[in-house]
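S.K.: the following block contains a protein sequence and its predicted model.
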Amino acid sequence: EVRVVESGGGLVQAGGSLRLSCTASGFTSAEGRIGWFRQAPGKEREAVVCISRSDGSAYYADSVKGRFTISVDNAANTVYLQMNKLKPEDTAVYYCAADPTTWYCREPYDYWGEGTQVTVSS
């Protein structure tokens, strides 16, 4: 079974940076996607960025393009989300999710971490 564990959230001032980490283990193939999703208070969870495990192609939500970057350390089964130029509207619980079969950067994903809080102060 795939296991997903996130880390790296915290409090940062607007314009600052944070890096989130996601270790996703237990895959039995090189297919599927790993994604970062977020849920702000009172809002629905939304996709932020997803990366293909097979070719490394990434999809970014328009709201984070140019500011967030996803990268992969295959040897460590870890995906990183570098978040720069953070804005107060980026405040949310960030979830890492993995799915061994999906082609898409939208729910449903099969395996989820518990989430990590990111708070951006103005």
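M.R.: Alright, I've got the coordinates.
S.K.: residues near residue 28, how many?
M.R.: For residue 28, the count of nearby residues is 8 (other C-beta atoms under 10 Å). Using the backbone N, CA and C atoms, a C-beta is placed for each residue, glycine as well.
S.K.: an error on my part: the question was meant for residue 74.
M.R.: Going by other C-beta under 10 Å, the residues that sit close to residue 74 add up to 10.
S.K.: and the gap between it and residue 121?
M.R.: Look at residue 74 and residue 121: by C-beta to C-beta, to the nearest Å, they are 35 Å apart.
S.K.: with adjacent residues omitted, what lies nearest to the residue nearest the centre of the chain?
M.R.: By C-alpha atoms, centre = their mean, the chain has its centre lying nearest to residue 36, at 2.0 Å. Spatially, and ignoring its direct neighbours in sequence, residue 36 is nearest to residue 48 (4.4 Å; C-beta to C-beta, 6 or more residues apart in numbering).
S.K.: quick one, what contacts the one you found?
M.R.: Counting by C-beta atoms under 8 Å, 6 or more residues apart in numbering, residue 48 touches 35, 36, 37, 38, 60, 61, 64, 68, 81, 94.
S.K.: what do you get if the cut-off is 6 Å, keeping everything else the same?
M.R.: 36, 38, 61, 64 (C-beta atoms under 6 Å, 6 or more residues apart in numbering).
S.K.: now residue 8
M.R.: 19, 20, 21.
S.K.: the same query, at a cut-off of 7 Å, please.
M.R.: Contact analysis of residue 8 by C-beta atoms under 7 Å, 6 or more residues apart in numbering lists 18, 19, 20, 21, 116.
S.K.: ok, now residue 111?
M.R.: So residue 111 contacts 2, 4, 97, 98, 99 (C-beta under 7 Å, 6+ apart).
S.K.: residue 11 now?
M.R.: Residue 11 makes contact with 119, 121, according to C-beta under 7 Å, 6+ apart.
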